[in-house]
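*Asks:* what follows is a predicted structure for the sequence shown.
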Amino acid sequence: MSEYVLEVDGLQKAFRVGAGEVVACNNVSFTIPPGGSMGLVGESGSGKSTIARMLVGLETPDAGTIHVRGRQLGLQERGRAARLRRAKEIQMVFQDPYGSLDRRLTVAQCLDQAMRLHGVSGSARVAALLDQVGLLAKHGDSKPHQLSGGQRQRVAIARCLAIEPSVMVLDEAVSALDVSVQAQILALLNEIRASSGIALLFVSHDLAVVSEVTDDVLVMYRGSILEQGPTGRVLNAPESSYTKLLISSMPGPGWDPADVLERRAAFEAKVGV
Ligand SMILES: Nc1ncnc2c1ncn2[C@@H]1O[C@H](COP(=O)(O)OP(=O)(O)OP(=O)(O)O)[C@@H](O)[C@H]1O
């Protein structure tokens with residue numbers, strides 16, 4: 001049995017664009033242990049979402065393997081059964097839970113449906129799931145539009161937990177929330193991974209958020225990993241000049257967009273882009 005919940009090896013994906021191609025993911029490998037959390041950072045277009053989408057089967061890799069708890073996923077398999085098998089192992093939370101929740105269903109119906117679809121028994125678990133994500137029993141009767149953004153994101157997390165996956169992929173899952181709600185959701189995610197052993201892959205452009213919820217981080221640039229290591233080390237003492245640029249580009253006191261653009265242009269001139 002593998003010591004890792006998730007093992008990604010040599011993942012590769014290019015998209016045809018006109019007559020050329022964009023390499024969105026170039027030989028990406030990483031592992032996450034039980035209860036571990038990996039951050040995936042990098043500027044827009046660096047390939048973060050492509051990796052997340054390949055993990056949940058929304059994109060098919062050109063090459064590479066993904067193992068969950070030692071079992072290899074069939075990356076080329078298509079069809080409903082294959083989709084369900086993969087969803088049982090890896091669940092994804094999106095930035096906009098409103099778009100991913102069925103507006104016609106109450107929260108309780110949504111959780112119940114997820115469990116039935118994946119053959120997880122017990123509609124009695126609905127109350128426990130609501131409690132686990134910090135929602136009240138009465139929220140079970142609400143429809144998505146009757147909830148706040150933070151509450152909807154809790155529902156999306158509860159729906160993942162209902163399926164009892166091994167891995168949760170969170171793609172900019174707290175980016176649309178205000179900072180106090182962000183903090184609550186991040187605390188919830190840390191609680192979940194500690195208590196359940198679920199592995200998290202946390203995709204975000206926000207380095208402060210990543211430092212709250214991950215043990216390790218991958219820094220992506222144009223589809224490749226430029227730096228990886230413990231989050232504290234990478235963010236406090238980055239080795240790659242791109243990571244340094246990314247950190248110094250984060251908005252804060254004295255932030256100057258013109259300066260950011262200038263330093264980015266200097267970086268690209270140096271690496272010959
Ligand atoms: N379906 C597609 N067809 C063509 N090109 C694509 C497709 N999906 C992604 N790309 C390209 O692949 C590269 C990586 O995109 P991706 O969305 O993975 O980046 P990202 O780091 O998640 O960006 P963002 O933070 O803006 O979401 C980009 O150059 C993008 O234009």
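*Replies:* Received, thanks.
*Asks:* can you pull the phi/psi pair for the residue in the stretch 101-250 of the chain that the ligand sits nearest to?
*Replies:* Nearest residue of the stretch 101-250 of the chain to the ligand (CB to the nearest ligand atom) works out as residue 205 at 5.7 Å. Quick note: C-beta positions are derived from backbone N, CA and C, even for glycine. Note on residue 205: its backbone torsions stand at phi -90, psi 0 [degrees, to the nearest 10].
*Asks:* residues contacting it?
*Replies:* When contacts are counted by CB atoms under 8 Å, 6 or more residues apart in numbering, residue 205 is found next to 41, 42, 43, 44, 172, 175.
*Asks:* direction included, what does the host helix or strand of residue 170 pair up with?
*Replies:* In the assignment (DSSP states H and E), residue 170 maps to strand 167-171. If you go by DSSP bridges, strand 167-171 pairs up with strand 90-93 (parallel), strand 199-203 (parallel).
*Asks:* what are the contacting residues of it?
*Replies:* 5-6, 32, 48-49, 52, 55-56, 68, 89-95, 157, 160, 189, 192, 198-204.
*Asks:* can we see that at 7 Å?
*Replies:* Strand 167-171 is contacted by residues 5-6, 49, 52, 55-56, 68, 89-95, 160, 198-203 when judged by CB atoms under 7 Å, 6 or more residues apart in numbering.
*Asks:* buried residues in stretch 13-29, which are they?
*Replies:* Neighbour-count burial for stretch 13-29 flags 13, 14, 23, 24, 25, 26, 28 (criterion: 16 or more other CB atoms under 10 Å).
*Asks:* take those residues and keep only those in strands.
*Replies:* Judged by DSSP state E, the buried residues of stretch 13-29 include 13, 14, 23, 24, 25, 26, 28 as members of strands.
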